[in-house]
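Participant: Pasted the sequence and its predicted model underneath.
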Amino acid sequence: KDESDAIYTFMAPTKEIYEEAMAKFEVAAKEYDEEKPEHGFDFDEPDIIDFPEDAGIFGAIIHYLLLPFKAFIHYTLPDVRHYESDPDKMLSMAWINVLGCLVHLIIMSYVMVRSLETLGGLLNIPNAIMGVTFSAAGTSLPNYVASQVAARQGFGNQAVSNAFGSNIFNILVGLGLPWTLYIGFVTKGEPYYGMADDGVVTSIIILAVVLLAFIVLTLSSNYVLLGWHGKVYAAMYVVYVGYEIGQLYV
């Protein structure tokens, strides 16, 4: 295979989809070059704290409810566009933004988890149930949006890789790193016995079965994702959530 074949098989399921997507990117890049202001970034775009244009009543309510969070992000993360004339400072500000975003993620993740634990305690709902419903949905929505955008652009491989990559990171790093640090610095190398089961073993078995089903469907369709595949996976999730909730009340 030539170089183009290697590229399209890595980025898209077929060469036709790859070429169509690249053509759209070239058109978008050309339009951006034509509309880009002469002296760098266009500062006419509203800031995150500005009232949204053409916002209805619902949009206005959402804006004011989220305004404290928007202001926190706006005033703690510098706008790198203001430093375009100084590339070195712009790069430094970009690194500060990256570190700032990580700090925001850590803080907001902690707040979300503690809030869900408190809410679950008030409603007498186990943490495992809160994790597979509200917490899972809240943390997976960004991945859903990113995968959907990639899929609509024809990059099915990227969409699937994003979904699997984020979950692999969650399991291996999101769980592995805290456990390693806790056992290394708190228990001084001794095993940790304080984690309640709460159906975790069953969830792991279900995860293995679903992954096996995904592999079988993918291989049987010769690595082509079909519409009914998505419906099957969605139905699996509904059944799984129903099962977990049923364990609580049945």
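Facilitator: Nice, thanks for sending it over.

Participant: Which helix or strand contains the residue nearest to the spatial centre of the chain?
Facilitator: With distances taken as CA atoms, centre = their mean, Asn143 lies nearest the centre of the chain, 2.9 Å away. Element membership for Asn143 (DSSP states H and E) is helix 136-152.

Participant: Buried ones in that helix, by neighbour count?
Facilitator: With burial defined by 16 or more other CB atoms under 10 Å, the residues of helix 136-152 counted as buried are 139, 143, 147, 150-151. The way it works is simple: take the backbone N, C-alpha and C, and place the C-beta from them, glycine included.

Participant: Where does Phe51 sit: helix, strand or coil?
Facilitator: Three-state call for Phe51 (DSSP: H, G, I helix; E, B strand; the rest coil): coil.

Participant: State the distance from it to Ile61.
Facilitator: 12 Å (CB to CB, to the nearest Å).

Participant: now the helices for this protein?
Facilitator: Along the chain, counting by DSSP state H, helices occupy 3-11, 15-35, 57-76, 87-123, 127-130, 136-152, 156-169, 176-185, 200-220, 227-249.

Participant: of all those helices, which lies closest to Pro46?
Facilitator: helix 57-76 (11.2 Å; CB to CB).

Participant: and the angle for the closest one with helix 87-123?
Facilitator: 130 degrees (axes from the mean of the first three to the mean of the last three CA atoms, to 10 degrees).

Participant: For helix 57-76, name the packing helices and strands.
Facilitator: With contacts defined as 3 or more CB pairs under 8 Å, 6 or more residues apart in numbering; DSSP states H and E, helix 57-76 has these neighbours: helix 87-123.

Participant: Which positions in the helix it packs on come out as buried?
Facilitator: Using 16+ other CB under 10 Å as the test for burial, helix 87-123 gives 93, 116, 120.

Participant: Nearest to Ile106, out of those: which one, please.
Facilitator: Leu116 (16.1 Å).

Participant: Using TSV, please lay out the buried residues of helix 136-152 together with distance to Met130 and pLDDT.
Facilitator: What follows is those, written out as TSV (distance: CB to CB, whole Å; pLDDT from 0 to 100):
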residue	distance to Met130	pLDDT
Thr139	12	76
Asn143	19	78
Ser147	24	82
Ala150	29	79
Ala151	29	78
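
Participant: So which of the residues you listed is the closest to Ile205?
Facilitator: Taking the buried residues of helix 136-152 together and measuring to Ile205 by CB to CB, the closest member is Thr139, at 22.0 Å.

Participant: That closest one: what's it in contact with?
Facilitator: Counting by CB atoms under 8 Å, 6 or more residues apart in numbering, Thr139 makes contact with nothing.
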